[in-house]
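1. predicted model follows, preceded by the sequence.
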Amino acid sequence: MLSDLRVLDLSTMIAAPMSASLLADLGADVIKVERPGPGDPLRAFGTQAGGEGLYWKTLSRNKHAIALDLHSPQAQDIVRRLCAQADVLIENFRPGTLERWNLSPTALREKHPALVVLRVTAYGQDGPYSDRPGFGTLAEALAGLGSVSGFPDREPLLPAYPLADILAGHLGAYAVLAAVHHAKRSGRGDVIDLAIYESALRILDMHITEHSVLGTEHERAGNRIGSSAPRGVYLCADDRWIALSGSTPSVAERVLRAVGGQSLVSDPRFQTNSDRVAHAAELDRYVGRWCAQRPRDQAVAELSALGCAVGPLESVGSMQSNAHVLSRGAIAHLDDPELGTIAMPQIAPRFQHAKPEIRHAGPRWVGADTRSILRSRLGLTDAQISELVSSGAAE
């Protein structure tokens, strides 16, 4: 789908590489530039198996890997030459770093006006926090996610996974495609300033607008949500959990009828959504008692048959054997030369006609494609490449 899109990915870790990964999923030709030696810190991030970083394998899938020391003038020249052939440059260094390396977007776009540059940082390219080091965790904290996540009698809760980074990665890919579309028509690219914390703000749309009008500061509410009830997770007789949501009046009424009959439907505590939210704890007790009398699959089947919005709460392991997940092929299984068969999320969303595919997992070796890329894209000879490697500019 994007086979004519060339992307140079200078970024590290998660947010910006996710943007490049999503573009690569859709067929873009992505060259991932790493530091010689250790490579991207993502290689050593998280769980390792046989010396291989497992997150690296999925986030760097479908990318070519070259190694350049961007402190080196020779490597900087290679980046400039590769940018001249590229549609998109992605980076996530602290503001001013590319400029110190003689790779400023302004200078690059003077010679290649259609180039789109995606700059991803925790706080953005300007503002009082812009020079601070930051990761998605700090972006989530600044955005206010922690203040509304978790249970009221415990400390604020930050996600145990890179939520803001991943969201920023998706927004980055979306912004790149919009800028490329404009560049194709006008001949003018753009520079995209993506702050990870601003991506996280979109999760709190409702809270932000409500605060501006009513001054509301939502407290942590566990699995409940202030806009509807019932909503949460409930333990069944076989010690497995279901998730249930009554976000519309009709669905909430079906839940009430299922767990308590017409008398519960007529109960004045549960007549309107506001009533149900105000009495959410009592409503949860009704649902909880009903679930506790049935194994999970029976509870899901009975509630689903009545038109309730309900489903199993799966673990990462059990999710992969869930009949619905299996039927849609939502998990891909790749033959990896180092680790054997490995699983990762399939490309989403699906397209009726186009069939993008995961061609390979993240390359094992730092600089695995350096020689082939420099030879085929820039016409460098083996002797010239060897000289770059000997000087430490490339690997």
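-> That came in fine, so what should we check first?
2. hang on, Ile90 in a strand?
-> Yes: assigned with DSSP: H, G, I helix; E, B strand; the rest coil, Ile90 falls within a strand.
3. show me where the stretch 51-200 of the chain has its helices.
-> Remark: helices assigned in the stretch 51-200 of the chain by DSSP state H, counting those that start in this stretch are 54-59, 73-85, 97-100, 105-111, 136-143, 163-186, 196-201.
4. what does the shortest one contact?
-> For helix 97-100, the surrounding residues in contact (CB atoms under 8 Å, 6 or more residues apart in numbering) are 91, 104-105. (Glycine included, C-beta is placed from N, CA and C.)
5. now do the second one
-> With CB under 8 Å, 6+ apart as the contact definition, helix 73-85 has outside contacts at 6, 8, 10, 31, 33, 68-70, 89, 101-103, 108, 111-112, 115, 374, 377-378, 388, 391, 393-394.
6. got a markdown table for the helices of the stretch 51-200 of the chain, with mean neighbour count, distance to Gln293 and mean pLDDT too?
-> Below are the helices of the stretch 51-200 of the chain laid out as a markdown table (neighbours: other CB atoms under 10 Å; distance: least, CB to CB, whole Å; pLDDT from 0 to 100):
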| stretch | mean neighbour count | distance to Gln293 | mean pLDDT |
| --- | --- | --- | --- |
| helix 54-59 | 21 | 40 | 97 |
| helix 73-85 | 18 | 64 | 97 |
| helix 97-100 | 16 | 60 | 97 |
| helix 105-111 | 15 | 62 | 96 |
| helix 136-143 | 22 | 38 | 96 |
| helix 163-186 | 19 | 35 | 98 |
| helix 196-201 | 23 | 40 | 96 |
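7. save these as JSON lines, and put in distance to Val265 too.
-> As requested, the helices of the stretch 51-200 of the chain are exported to JSON lines (distance: least, CB to CB, whole Å):
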{"stretch": "helix 54-59", "distance to Val265": "46"}
{"stretch": "helix 73-85", "distance to Val265": "64"}
{"stretch": "helix 97-100", "distance to Val265": "62"}
{"stretch": "helix 105-111", "distance to Val265": "61"}
{"stretch": "helix 136-143", "distance to Val265": "39"}
{"stretch": "helix 163-186", "distance to Val265": "37"}
{"stretch": "helix 196-201", "distance to Val265": "39"}
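8. out of these, flag the one nearest Ile358.
-> Closest approach to Ile358 among the helices of the stretch 51-200 of the chain (CB to CB): helix 54-59, 8.9 Å.
9. in contact with the residue nearest in space to the middle of the chain, which residues?
-> Residue closest to the mean C-alpha point of the chain, counted by CA atoms, centre = their mean, is Ile166 at 2.0 Å. Each residue near Ile166 by CB under 8 Å, 6+ apart is listed here: 14-15, 18.
10. one more pass at 10 Å, please.
-> By CB atoms under 10 Å, 6 or more residues apart in numbering, the residues touching Ile166 are 14-15, 18, 59, 136, 159, 199.
11. go on, Pro17?
-> Pro17 sits next to 9-11, 24, 30, 32, 40, 42, 56, 59-60, 63, 90, 92, 120, 165, 169, 172, 362 when contact means CB under 10 Å, 6+ apart.
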